[in-house]
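1. coordinates only, sequence not included:
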């Protein structure tokens, strides 16, 4: 074992590493932790506030968590699961605010109603049935439904202003929704970790992982400023490098990564900072994805609060780049191809014609077409009030499937291996919103004995719903939402 062995190396300075590192520091304050970040700042990729829509994914408005089955039926199971996972984040953040680990809540989370808006008889029927399924569920009990233009205009006037009177539409609203600056969450958590003994290496790029005979890992590191390279030895490695995670996990040689590939999708948003427009829209409004569009490309018109300033975002407008990171390389996609994942990747390529057609159309979309998409949600939108910004890269998981040969998975996937000495996270949405659930799962799987005998009691004090849930107990759901709302300055509208 090397003389510079550390207990934990976290690769990537994003919200996942920050969450995992903070959880570890809470139960093992004497463990040595080093964070390796390739950029000169943390939270510059997917965790950055302008690289995502800041939606605290709770399935209050995201219709892709309740797709229609082939027979037209709906089930609320996935929506409830996602909401339960976000409640863990709310509980943990509340605990950290009380401890002084996180600062003033309005700096990173703000009450923002979550809405859905659809038009056309078929979509209205779908939304009505979705509402009827979710409304009786305790975590969704504040949801409202309306087909009335005056009511929807009261919720947010920009959806109705200048809209055709003969159009059929409907909306739902949940006032318990939030807007989250995950970049600020990341920075505050990492600052606290460093204050308590963790080391943060900026401008340091992890290039390869090698497992040694003693079970530890050598992490090869390149200094991006050109000052040479180094090797760090660790007992446990977490790869939270966003789009860069796939290649590092492949370099580790763990069998669990075999068959996995990545499909990068880039995103852009139209942004509006005009205060006269921004003041008339206080909500995150999600619609239905276009045919062939990936779920992460569901159109939405969002209130954003970043550094205390409100803006509106609309999008995302999808595109394609072989980069796995916003600041990545064109070699990322071809360089990720291996003999074990080539088959699944080819199968996905041959089966996802609708997605490929959609992306091609998005890449070559004119400004007029982009504005037309916005005006489906905001008919009064003026082109001069909106400008395009580039968002982060998302790498969707491609993996083997026993029936189809290969599938494109829209979600997150936690990979663990080598007797729990390494873990990594692949995929995209819901991502940051459910980081607490994902990282507690990593600790439970990688350190099962310590988790059960020592750590679980500490974690359940901070996150009481972990492992037991809330939705099955109306009183517990209402109490948790009320308590976290009070601490975080949110709306507590869910009742028993």
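-> It's in. Quick caveat, the model's predicted, so the values are computed rather than measured.
2. who touches residue 121 in this structure?
-> residue 168 (CB atoms under 8 Å, 6 or more residues apart in numbering). Just so you know, the C-beta spots here come from the backbone N, C-alpha and C atoms, and that holds for glycine as well.
3. what's residue 24 in contact with, if anything?
-> Contacts of residue 24 (CB under 8 Å, 6+ apart): 8, 31, 33, 443.
4. now swap in residue 105 and tell me
-> For residue 105, counting by CB under 8 Å, 6+ apart, the contacting residues are 93, 97, 487-489.
5. So which of those residues wins on neighbours?
-> residue 93 (24 neighbours; other CB atoms under 10 Å).
6. correct me, but it touches residue 99?
-> No - judged on CB atoms under 8 Å, residue 93 makes no contact with residue 99 at a distance of 10.7 Å.
7. Mind putting the contacts of residue 105 into CSV with distance to residue 51, secondary structure and pLDDT?
-> Formatted as CSV, the contacts of residue 105 follow (distance: CB to CB, whole Å; DSSP: H, G, I helix; E, B strand; the rest coil; pLDDT from 0 to 100):
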residue, distance to residue 51, secondary structure, pLDDT
93, 20, helix, 98
97, 24, helix, 98
487, 27, helix, 97
488, 23, helix, 97
489, 25, coil, 95
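8. In CSV, list these along with distance to residue 63.
-> Shown next, in CSV, are the contacts of residue 105 (distance: CB to CB, whole Å):
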residue, distance to residue 63
93, 26
97, 31
487, 30
488, 26
489, 28
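9. returning to that earlier point: now, the contacts of residue 24 that are in strands?
-> Among the contacts of residue 24, DSSP state E puts 8, 33 in strands.
10. Tabulate the contacts of residue 24 (a markdown table), appending pLDDT, neighbour count and distance to residue 250.
-> Formatted as a markdown table, the contacts of residue 24 follow (pLDDT from 0 to 100; neighbours: other CB atoms under 10 Å; distance: CB to CB, whole Å):
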| residue | pLDDT | neighbour count | distance to residue 250 |
| --- | --- | --- | --- |
| 8 | 98 | 21 | 21 |
| 31 | 97 | 16 | 27 |
| 33 | 98 | 26 | 24 |
| 443 | 98 | 22 | 24 |
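11. Strands of the stretch 351-496 of the chain, residue ranges please.
-> For the stretch 351-496 of the chain, the strands defined by DSSP state E, counting those that start in this stretch cover 387-401, 405-409, 412-417, 422-427.
12. which of those is buried the deepest?
-> Among these, ranked by average contacts under mean count of other CB atoms under 10 Å, first place goes to strand 422-427 (a mean of 25).
13. Nearest residue to the most centrally placed residue in the chain in space, please, no chain neighbours.
-> Residue closest to the average C-alpha location in the chain (CA atoms, centre = their mean): residue 431, at 2.7 Å. Closest residue to residue 431 apart from its sequence neighbours, by CB to CB, 6 or more residues apart in numbering: residue 412 at 5.8 Å.
14. Hmm, that neighbour is touching residue 433, no?
-> No - the pair residue 412 / residue 433 is not scored as a contact, 10.1 Å apart, by CB under 8 Å.
15. Just checking, which helix or strand of this structure averages the lowest pLDDT?
-> Counting by mean pLDDT, DSSP states H and E, the chain has its least confident helix or strand at helix 353-363, which shows a mean of 73.
16. so what's residue 440 up against?
-> Residue 440 neighbours (CB under 8 Å, 6+ apart): 23, 88, 459, 463, 466.
17. give me that answer again for 10 Å
-> By CB atoms under 10 Å, 6 or more residues apart in numbering, residue 440 lies in contact with 19-20, 23, 88, 92, 451, 455-456, 459-460, 463, 466-467.
18. Quick check on these: which are buried?
-> 19-20, 23, 88, 92, 451, 455-456, 459, 463, 466 (16 or more other CB atoms under 10 Å).
19. Check those residues and tell me the two furthest apart.
-> 19 and 456 (17.0 Å; CB to CB).
20. still on that earlier bit, just send the buried ones among the contacts of residue 440 back as JSON lines, with pLDDT and distance to residue 474 too.
-> Compiled in JSON lines, those are given as follows (pLDDT from 0 to 100; distance: CB to CB, whole Å):
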{"residue": "19", "pLDDT": "98", "distance to residue 474": "29"}
{"residue": "20", "pLDDT": "98", "distance to residue 474": "32"}
{"residue": "23", "pLDDT": "98", "distance to residue 474": "29"}
{"residue": "88", "pLDDT": "98", "distance to residue 474": "18"}
{"residue": "92", "pLDDT": "98", "distance to residue 474": "22"}
{"residue": "451", "pLDDT": "97", "distance to residue 474": "29"}
{"residue": "455", "pLDDT": "98", "distance to residue 474": "29"}
{"residue": "456", "pLDDT": "97", "distance to residue 474": "25"}
{"residue": "459", "pLDDT": "97", "distance to residue 474": "24"}
{"residue": "463", "pLDDT": "98", "distance to residue 474": "20"}
{"residue": "466", "pLDDT": "97", "distance to residue 474": "19"}
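21. quick one, what contacts the residue nearest to residue 29 when sequence neighbours are not counted?
-> Distances taken as CB to CB, 6+ apart place residue 196 nearest to residue 29, at 6.8 Å, with adjacent residues excluded. Residue 196 makes contact with 21-22, 25-26, 29, 33, 101, according to CB under 10 Å, 6+ apart.
22. and what of residue 421?
-> Here residue 421 is in contact with 211, 215-217, 234-237, 252, 254, 446-447 (CB under 10 Å, 6+ apart).
23. closest to residue 77 among those?
-> residue 446 (27.3 Å).
24. and that closest one, how many residues sit next to it?
-> So residue 446, with other CB under 10 Å, has 20 neighbours.
25. Pull up the gap between it and residue 430, please.
-> 22 Å (CB to CB, to the nearest Å).
26. Same check on residue 73?
-> 23 Å.
27. For those two, work out which one has more neighbours and name it.
-> Neighbour totals were compared for residue 73 and residue 430, and residue 430 leads with 23 against 9 (other CB under 10 Å).
28. Check the spacing between that one and residue 86 real quick.
-> Using CB to CB, residue 430 is found at 8 Å from residue 86.
29. What of residue 257?
-> When residue 257 is compared with residue 86 (using CB to CB), they lie 28 Å apart.
30. ok, now residue 352?
-> Applying CB to CB to residue 352 and residue 86 gives a distance of 29 Å.
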